[in-house]
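Asks: Return atomic coordinates for the entry below.
(3 chains)
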Amino acid sequence: MAEVAHMIDTEVFLVFSTYATIVILKMMLMGPFISYLRLTKKVFANLEDTNLVKTTEDRRKWVRVQMLNGCHQNDLENIIPFVVIGLLYALTGPDLSTALLHFRVFVGSRFIHMVAYLVALPQPSRGLAWIVGLFTTFSMAYRVITTALFL
Amino acid sequence: MAEVAHMIDTEVFLVFSTYATIVILKMMLMGPFISYLRLTKKVFANLEDTNLVKTTEDRRKWVRVQMLNGCHQNDLENIIPFVVIGLLYALTGPDLSTALLHFRVFVGSRFIHMVAYLVALPQPSRGLAWIVGLFTTFSMAYRVITTALFL
Amino acid sequence: MAEVAHMIDTEVFLVFSTYATIVILKMMLMGPFISYLRLTKKVFANLEDTNLVKTTEDRRKWVRVQMLNGCHQNDLENIIPFVVIGLLYALTGPDLSTALLHFRVFVGSRFIHMVAYLVALPQPSRGLAWIVGLFTTFSMAYRVITTALFL
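Replies: Numbering: from 1, shown residues only, chains lettered A, B, ... in the order given. Sure, this is the predicted structure:
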């Protein structure tokens, strides 16, 4: 028991736990939010499934929900690797300041990415946020591989 | 090596390992099961891709497979956060009885959710199972955040 | 801090970290690769969304991108369970050689699976690679359940 208590007291691990929980909660809340939009605005996953789509207004709403789905899918594809690699990274014992920098930049980039999706910012912003998150994960993966290489 | 051996001997961690493995196996087995249904019943992912869909019977089968897909997607969106947050939660050193309660309620809610999908129970049951699972994860996330907060 | 340092020095855990990082990076890189193909080859996710699909050539390209999507989805469904169960497995303290065998077979099977998708090898090869990966995960799950059973 003592070991586990010690482990969770490592500052880097505390930092990882905090940011991983935040970013996972953000990902989880996207699902219900999309379902809510679908139910209240009567927008469906497949345009073909419904006869309700007749006006341009309906088409615009549908495009909007498709974008939310894209945002959610992008979250799954980026946040899961972050959580796995971030956990291994936290166990390699990096400097607290370096770890903080990595986690903050990643979580920040995901929130900017979400905002860029929701308010439909002009394109470079969304792509940029995604690239920044990708490189943060690569940087952590590089440290894991160089510290723990054992094929 | 000693530390790892000790860690896996922590009862809360043993409980977490057991339930996480059960729920991940359940999620994994959905994939092959859907593929099997598709092959044997000749139901395809996209209604538009096939010319086989002519009768109402075919349409009904297609709706059924779509529901299985929805169930699988819902599993991915709920079980992955549970595994990540549950791991961090197990490391915060909660009471064994509280942890057992959380894990049992979550795993139970996912199985009820699956059954509600498969035998098409009337709606409140499925939504309720999903909400219970969601709140269990939130409750664990709350403990992780309050124990480990380090932004 | 000492405990964490020790933990990452366990050889089995080092091996797990290396293979988990490799397989997660492979999964991550599929996403951008598919996006790149879509942008450069003007192939879209939904055939119905575009008026550009007129020739058989376009149809062939679309089928190809659909296959890549299938490969990515299959990765998500198999690699995430591997990472979770593999982590728990590494903590049960297995023999180094047994663990190495499991991780190498799994990672190898995923790469063969990807190659079988990309160069469109005749069917048994892809299905076989998938089955091998599945059984490797089951074998690790069996050890976790038998070592850590606490319901």
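
Asks: Distance check, A:Met28 against A:Glu11.
Replies: 26 Å (CB to CB, to the nearest Å). In short, each C-beta sits where N, CA and C put it, glycine included.

Asks: One more: A:Leu128?
Replies: 30 Å.

Asks: Now the phi/psi pair for A:Gly93, please.
Replies: A:Gly93 adopts backbone torsions of phi 70, psi 60, taken as degrees, to the nearest 10.

Asks: A:Ile80 sits in which helix or strand?
Replies: helix A:56-91 (DSSP states H and E).

Asks: just checking, next helix/strand downstream of that helix?
Replies: Assigned by DSSP H and E, the successor of helix A:56-91 is helix A:96-118.

Asks: three-state assignment of A:Ser139?
Replies: helix (DSSP: H, G, I helix; E, B strand; the rest coil).

Asks: so who does it touch?
Replies: A:His102 (CB atoms under 8 Å, 6 or more residues apart in numbering or on different chains).

Asks: and what of the one 5 residues further on?
Replies: Residues touching A:Val144, when contacts are defined by CB under 8 Å, 6+ apart, comprise A:85, A:88-89, A:92, C:17-18, C:21.

Asks: what's the answer for A:Ile22, then?
Replies: Counted by CB under 8 Å, 6+ apart, A:Ile22 has contacts A:107, B:145.

Asks: what's the helix or strand for it?
Replies: For A:Ile22, the host element (DSSP H and E) is helix A:11-41.

Asks: as a whole number, average confidence for stretch A:135-144?
Replies: Stretch A:135-144 shows a mean pLDDT of 87.

Asks: Buried ones in it, by neighbour count?
Replies: Of the residues in stretch A:135-144, A:136-137, A:139-141, A:143-144 count as buried by neighbour count, 16 or more other CB atoms under 10 Å in any protein chain shown.

Asks: ok, now stretch A:85-95?
Replies: So for stretch A:85-95, counting by 16+ other CB under 10 Å, buried means A:85-94.

Asks: Ok, stretch A:101-111 next?
Replies: For stretch A:101-111, the neighbour count (16+ other CB under 10 Å) marks A:102-103, A:106-107, A:109-110 as buried.

Asks: Can you pull the poorly scored residue ranges out of chain A?
Replies: A:1-9, A:38-39, A:41-66, A:120-121, A:150-151 (pLDDT under 70).

Asks: coming back round to it: which of A:Met28 and A:Glu11 has more neighbours?
Replies: Neighbours were counted for A:Met28 and for A:Glu11 using other CB atoms under 10 Å in any protein chain shown; A:Met28 has more, 21 against 13.

Asks: The more buried one is in contact with B:Leu76, isn't it?
Replies: No - counting by CB atoms under 8 Å, A:Met28 stays clear of B:Leu76, with 11.4 Å between them.

Asks: show me the contacts for the closest residue in space to A:Ala99 that isn't next to it in sequence.
Replies: Setting aside the residues directly before and after it, A:Ala99 is nearest to A:Val12 in space (CB to CB, 6 or more residues apart in numbering or on different chains), at 4.7 Å. Counting by CB under 8 Å, 6+ apart, A:Val12 touches A:90, A:93-94, A:96, A:99.

Asks: want to throw the residues you listed into CSV with distance to B:Met67?
Replies: Formatted as CSV, those follow (distance: CB to CB, whole Å):
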residue, distance to B:Met67
A:Ala90, 39
A:Gly93, 47
A:Pro94, 45
A:Leu96, 48
A:Ala99, 43
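
Asks: Of those, just say which sits nearest to chain B.
Replies: Proximity of the contacts of A:Val12 to chain B (CB to the nearest CB) peaks at A:Leu96, which lies at 9.3 Å.

Asks: Give me the neighbour count for the closest one.
Replies: 13.

Asks: Pull up the gap between it and A:Ile22, please.
Replies: 18 Å.

Asks: Now do stretch A:110-124: everything it contacts.
Replies: A:23, A:26, A:30, A:67-68, A:70-71, A:74-75, A:78-79, A:125-126, A:129-130, A:133.

Asks: start to end distance for that stretch?
Replies: 15 Å (CA to CA, to the nearest Å).

Asks: Touching, A:Ile80 and C:Ile80? I think so.
Replies: Yes - assessed by CB under 8 Å, A:Ile80 is found in contact with C:Ile80 at 6.4 Å.

Asks: chain center to the helix or strand that A:Phe135 is a member of, what's the gap?
Replies: For A:Phe135, the enclosing helix or strand under DSSP H and E is helix A:124-148. Averaging C-alpha positions (CA atoms, centre = their mean, to the nearest Å) puts helix A:124-148 12 Å from its chain's average.

Asks: Could you pull out the buried residues of stretch A:143-151?
Replies: Buried residues in stretch A:143-151, counted by 16+ other CB under 10 Å: A:143-145, A:147-148.

Asks: could I get it in PDB with only the CA atoms?
Replies: C-alpha atoms of stretch A:143-151 as PDB (Å, rounded to 0.1, in the frame of the first residue of the first chain):
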ATOM      1  CA  ARG A 143      11.400  10.400 -24.300                       C
ATOM      2  CA  VAL A 144       9.600   7.100 -23.500                       C
ATOM      3  CA  ILE A 145      11.300   5.300 -26.300                       C
ATOM      4  CA  THR A 146      14.800   6.700 -25.500                       C
ATOM      5  CA  THR A 147      14.400   6.000 -21.800                       C
ATOM      6  CA  ALA A 148      12.700   2.600 -21.900                       C
ATOM      7  CA  LEU A 149      14.000   1.100 -25.200                       C
ATOM      8  CA  PHE A 150      13.900  -2.700 -24.800                       C
ATOM      9  CA  LEU A 151      12.800  -4.500 -27.900                       C
END
